[in-house]
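Colleague: okay, sequence plus prediction incoming.
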Amino acid sequence: MKAWKFYNRRDLRLEEVACPDTGEDEILLKVSYCGICQTDLDEFMTGPRIFNKIPLIPGHEFGGVVVDVGKNVSKNKIGKTVTVSPLIYCGKCPYCQAGRENLCNSLGYYGAIGYNGGFAEYAVVKAQNAIEVETPEIVHFGEILLVALRVFNLAQKYSFIKKKVLVSGAGPVGICVALIFKYYGWEVELCEIREFRRDFASTLGFKTYSIIEEAPKKDYALVVDCAGEDPALPYIFSGQMAKLKKGGAILVVGIYFSEVSIDTLSLVTEEKEIRSSYL
């Protein structure tokens with residue numbers, strides 16, 4: 001089969017490789033779709049920082065059709081369309097036992113940390129990581145939706161302040177986060193420097209801003225940072241702090257590879273918080 005393999009910074013090669021063997025608790029997928037995450041681009045341009053055990057087949061936003069299963073997996077799964085939850089965890093360490101599997105001491109991630117992903121014609125994943133879906137076109141949004149749902153779960157702590165959130169970054173993750181908050185009755189606004197993304201967000205009924213300074217100050221219970229590092233706007237993180245009401249929080253989803261500055265005075269005197277959601 002053909003697969004893209006990451007060897008090092010700016011070294012991604014399309015190669016002919018053997019189709020992976022299916023373990024006894026795994027399934028073999030014929031990959032239908034695989035998204036390209038900003039993390040994939042960052043790793044290609046300036047990494048590797050997260051990718052390990054290279055060469056590695058990237059791609060963590062993927063899914064497809066089950067074509068084979070291991071001996072411990074029901075054959076009824078063959079022919080099913082699934083999306084992949086890429087997080088791999090042991091279930092035994094203190095973090096897993098506390099329900100924080102994303103901090104597992106033996107953490108793995110398909111297409112990023114220790115395991116090949118979906119930039120290939122076929123991929124193997126643990127059966128427990130495959131979620132059946134009815135619509136083939138959404139299989140590469142599974143991981144994004146899981147990220148968005150976790151962010152919304154973290155946000156409940158702050159809903160007493162005001163159910164209003166500013167989502168920074170209107171890419172696929174930002175849009176999914178915004179839609180989930182909107183579905184559950186929050187007032188949602190987005191900040192995005194790219195005009196075509198703002199235009200798309202507007203068609204979904206969201207008010208948008210082109211830069212963080214345009215959003216009103218001290219008006220939000222939450223700022224969800226789905227943008228991460230942008231060399232063109234290095235000040236964006238510090239600008240988010242001014243948008244929060246007292247007791248509010250920045251929830252960081254986007255990746256930063258360099259240091260950022262924050263307003264520690266309002267962080268302390270208004271008891272604002274900076275929280276993160278990994279994977």
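Modeller: Cool, the structure landed. The structure displayed is predicted, hence computed values, not measured ones.

Colleague: in stretch 169-182, what counts as buried?
Modeller: For stretch 169-182, the neighbour count (16 or more other C-beta atoms under 10 Å) marks 169-181 as buried. The C-beta positions use only the backbone N, C-alpha and C, and glycine is treated the same way.

Colleague: hmm, I was thinking of stretch 123-134
Modeller: Quick answer for stretch 123-134 (16+ other C-beta under 10 Å): 123, 124, 125, 126, 127, 129, 130, 133.

Colleague: with stretch 247-266 instead?
Modeller: 248, 249, 250, 251, 252, 253, 254, 255.

Colleague: neighbours around the closest residue to residue 106 other than its chain neighbours, how many?
Modeller: Spatial nearest neighbour of residue 106, excluding adjacent residues (C-beta to C-beta, 6 or more residues apart in numbering): residue 90 at 4.4 Å. Residues within reach of residue 90, counting by other C-beta atoms under 10 Å, total 14.

Colleague: what's the distance between residue 90 and residue 155?
Modeller: Using C-beta to C-beta, to the nearest Å, one gets 28 Å for the distance from residue 90 to residue 155.

Colleague: any low-confidence regions in the stretch 151-279 of the chain?
Modeller: For the stretch 151-279 of the chain, the stretches with pLDDT under 70 are 230-235.

Colleague: how about residue 174, what does it touch?
Modeller: By C-beta atoms under 8 Å, 6 or more residues apart in numbering, residue 174 lies in contact with 167, 168, 190, 192, 224, 226, 227.

Colleague: the same query, at a cut-off of 6 Å, please.
Modeller: 167, 226 (C-beta atoms under 6 Å, 6 or more residues apart in numbering).

Colleague: which among the buried residues of stretch 169-182 gets closest to residue 259?
Modeller: residue 169 (19.3 Å; C-beta to C-beta).

Colleague: for the closest one, which non-adjacent residue is closest in space?
Modeller: Nearest one to residue 169, counting by C-beta to C-beta, 6+ apart, is residue 227 at 3.2 Å.

Colleague: going by neighbour count, list what's buried in stretch 132-151.
Modeller: 133, 139-148, 150-151.

Colleague: in JSON lines: the residues you listed, plus distance to residue 271.
Modeller: Output for the buried residues of stretch 132-151, formatted as JSON lines (distance: C-beta to C-beta, whole Å):
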{"residue": "133", "distance to residue 271": "41"}
{"residue": "139", "distance to residue 271": "42"}
{"residue": "140", "distance to residue 271": "39"}
{"residue": "141", "distance to residue 271": "35"}
{"residue": "142", "distance to residue 271": "36"}
{"residue": "143", "distance to residue 271": "33"}
{"residue": "144", "distance to residue 271": "31"}
{"residue": "145", "distance to residue 271": "31"}
{"residue": "146", "distance to residue 271": "30"}
{"residue": "147", "distance to residue 271": "26"}
{"residue": "148", "distance to residue 271": "26"}
{"residue": "150", "distance to residue 271": "23"}
{"residue": "151", "distance to residue 271": "21"}
